[in-house]
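Undergrad: Below are the sequence and a predicted model; questions follow.
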Amino acid sequence: MSDRDEFGAFLIGFVVGAVTGAVVSLLFAPQSGEETRVLIKERAIELADKASETAQTVSKEVETRTEEYLSKAEELAKKGQAVLEEQKAKVTEVVQNVVSKPKGETPV
């Protein structure tokens, strides 16, 4: 869970840093309105591309972790099933011992 928190913090920092850098560079740029609009358009396209790349990275990470967790869940389910079968066999054995004992004998 710590990795997920670190990745989320990184992602938020990345986006905030990109937006802040773009805004600051536009505010302090000594250029005309037309040039600024062109620059804003270019930066918006760059930011959209970065967001798309980040989304793809996050998607791949989610897919990888999902497969990993599903594998672990299946492994635990198999272990749980084995324990359940073992306990079922023990209960069946105890029940058979109780049923097969003559009246008056104490089952062990």
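TA: That came in fine, so what should we check first? Numbers count the residues shown, from 1 in each chain.

Undergrad: centre of the chain versus the longest helix along the chain, how much separation?
TA: Counting residues, the longest helix found in the chain (DSSP state H) is helix 33-100. Remark: helix 33-100 is offset 5 Å from the chain centroid, using C-alpha atoms, centre = their mean, to the nearest Å.

Undergrad: same for that helix, what does it pack against?
TA: helix 2-27 (3 or more C-beta pairs under 8 Å, 6 or more residues apart in numbering; DSSP states H and E). Glycine gets a C-beta too; all of them are placed from N, C-alpha and C.

Undergrad: List the buried residues of the helix it packs on.
TA: A18, A22 (16 or more other C-beta atoms under 10 Å).

Undergrad: Compute the inter-axis angle for that helix and helix 33-100.
TA: Calculated by axes from the mean of the first three to the mean of the last three C-alpha atoms, to 10 degrees, helix 2-27 forms an angle of 170 degrees with helix 33-100.

Undergrad: can you start the count at 181 instead of 1 from here on
TA: Okay, using 181 as the starting number, the last item reads as helix 182-207.

Undergrad: and S239, how many neighbours?
TA: 10 (other C-beta atoms under 10 Å).

Undergrad: got it, and the one 10 residues further on?
TA: By the other C-beta under 10 Å criterion, the neighbourhood of Y249 contains 10 residues.

Undergrad: got it, and T234?
TA: Using other C-beta under 10 Å: T234 sits among 15 other residues.

Undergrad: Give me the distance between it and V203.
TA: Distance, T234 to V203, using C-beta to C-beta, to the nearest Å: 19 Å.

Undergrad: Then G188?
TA: G188 is 23 Å from V203, by C-beta to C-beta.

Undergrad: Kindly report the same for Q276.
TA: 78 Å.

Undergrad: can you check E254 too?
TA: Distance, E254 to V203, using C-beta to C-beta: 48 Å.

Undergrad: Could you do V274 as well?
TA: 74 Å.

Undergrad: and what of V238?
TA: 24 Å.

Undergrad: One more: R217?
TA: Where V203 is concerned, R217 sits at a distance of 15 Å (C-beta to C-beta).

Undergrad: Having no further points to raise, I will conclude here.
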